[in-house]
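J.: Based on what follows, work out the 3D shape:
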Amino acid sequence: MPLPEPGKYRNKQFRCAEYTNPKAAAILWRDKVGREEWGIKRWDAILASKYVRRFRSPEMGVFVYPTKSGGHWDIWLVSWRLSPEERFSKCFSIKKYKTWEAAELAAHQFAQAKRSELLMEKPICPNSIVK
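T.: Model prediction:
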């Protein structure tokens, strides 16, 4: 969510476990905060333009992030979805790859391969491309 101050954004996550319809909840939140920050007329003008990024489909998401195990950071996790109901993940640990950097590199390489695989299975949707 862009804010009036240049380079500032406000973020909030909407997980399926917390919301029955995360996309609808995200749109309501975006519009509420947008009207508070920008004013009703300006926010409606922003929505009418193409400055606000459309929501991406959860079907094509592949994410890489570090996670804690036993209280310290030692695992890189790659997670992806084939559909809203099907969630998958793969761990890359320091125990297996010997160093934090090697585990990170392996996770990012796997994520790139998974993204390519997912793009090969389904045609690219024009709404998922952000300029």
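J.: For stretch 85-101, measure first residue to last.
T.: With Cα to Cα, to the nearest Å as the measure, the first residue of stretch 85-101 is 32 Å from its last.
J.: how far out from the middle of the chain is it?
T.: Distance, stretch centre to chain centre, for stretch 85-101: 18 Å (Cα atoms, centre = their mean, to the nearest Å).
J.: And stretch 38-48, by the same measure?
T.: With Cα atoms, centre = their mean as the basis, stretch 38-48 stands 24 Å off its chain's centre.
J.: And for stretch 80-94?
T.: 13 Å.
J.: Name the surrounding residues that touch it.
T.: Stretch 80-94 is contacted from outside by 16, 58-59, 61-63, 67, 69, 74-79, 100, 103-104, 106-107, 110-111, 114, 118, using Cβ atoms under 8 Å, 6 or more residues apart in numbering. (Glycine included, C-beta is placed from N, CA and C.)
J.: Please pick the buried ones from those.
T.: For the contacts of stretch 80-94, a burial check counting by 16 or more other Cβ atoms under 10 Å picks out 62, 74-79, 103-104, 106-107, 110-111, 114, 118.
J.: Could you tell me which of those residues belong to helices?
T.: The members of the buried ones among the contacts of stretch 80-94 that map onto helices under DSSP state H are Ala103, Glu104, Ala106, Ala107, Phe110, Ala111, Lys114, Leu118.
J.: could I get those residues as CSV with distance to Asp31?
T.: Formatted as CSV, these follow (distance: Cβ to Cβ, whole Å):
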residue, distance to Asp31
Ala103, 40
Glu104, 37
Ala106, 41
Ala107, 35
Phe110, 37
Ala111, 32
Lys114, 33
Leu118, 30
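J.: I'd like those residues as a markdown table, with distance to Asp44 and pLDDT appended.
T.: Listed next are those as a markdown table, based on distance: Cβ to Cβ, whole Å; pLDDT from 0 to 100:
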| residue | distance to Asp44 | pLDDT |
| --- | --- | --- |
| Ala103 | 47 | 90 |
| Glu104 | 43 | 89 |
| Ala106 | 46 | 93 |
| Ala107 | 41 | 90 |
| Phe110 | 43 | 92 |
| Ala111 | 37 | 88 |
| Lys114 | 39 | 86 |
| Leu118 | 35 | 74 |
